[in-house]
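Engineer: structure for this input, please:
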Amino acid sequence: MKKGIGWGAKTIAKFHPKLVACYSKVIESPETKQWFRTKITIGLIRHKLGAKQIQ
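Structural biologist: Presented below is the predicted three-dimensional model:
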């Protein structure tokens, strides 16, 4: 289950970074598990790398 949630988090962060930005305070809170924050970070990095390849 954790693997599926992590995959979803990475995918949403990669393709919808504005949605992640809307919930940044919740994501950054200490109540959010570190593994989830890591998955979001990975997705955002992949979004930036993908954007550089398009240019």
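Engineer: use CA for all of it now, contacts and neighbours both
Structural biologist: Fine.
Engineer: need the helices for this protein, in chain order.
Structural biologist: Secondary structure of the chain (DSSP state H): helices at 2-15, 17-22, 24-28, 34-54.
Engineer: turn those helices into JSON lines, columns for mean pLDDT and mean neighbour count.
Structural biologist: What follows is the helices of the chain, written out as JSON lines (pLDDT from 0 to 100; neighbours: other C-alpha atoms under 10 Å):
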{"stretch": "helix 2-15", "mean pLDDT": "93", "mean neighbour count": "16"}
{"stretch": "helix 17-22", "mean pLDDT": "95", "mean neighbour count": "13"}
{"stretch": "helix 24-28", "mean pLDDT": "94", "mean neighbour count": "13"}
{"stretch": "helix 34-54", "mean pLDDT": "88", "mean neighbour count": "15"}
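Engineer: tell me which residue is most central in the chain.
Structural biologist: Computing the C-alpha centroid of the chain and ranking residues by C-alpha atoms, centre = their mean puts Ile40 first, at 2.2 Å.
Engineer: for it, which residues are in contact?
Structural biologist: Contacts were defined as C-alpha atoms under 8 Å, 6 or more residues apart in numbering; by that measure Ile40 touches 9-10, 13.
Engineer: and which of these is nearest to Ser24?
Structural biologist: Of all these, the one sitting nearest Ser24 is Ala13; the distance, using C-alpha to C-alpha, is 11.1 Å.
Engineer: do you know how far that closest one is from Ile42?
Structural biologist: As for Ala13, its distance to Ile42 is 8 Å (criterion: C-alpha to C-alpha, to the nearest Å).
Engineer: and what of Glu28?
Structural biologist: Using C-alpha to C-alpha, which is the criterion applied here, Glu28 is 14 Å from Ile42.
Engineer: go on, Ala9?
Structural biologist: Distance of Ala9 to Ile42, given as C-alpha to C-alpha: 9 Å.
Engineer: same check on Ile12?
Structural biologist: Per C-alpha to C-alpha, Ile12 is found 11 Å from Ile42.
Engineer: dump the contacts of Ile40 to a markdown table, plus distance to Leu19.
Structural biologist: Shown next, in a markdown table, are the contacts of Ile40 (distance: C-alpha to C-alpha, whole Å):
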| residue | distance to Leu19 |
| --- | --- |
| Ala9 | 11 |
| Lys10 | 12 |
| Ala13 | 8 |
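Engineer: all set, thanks.
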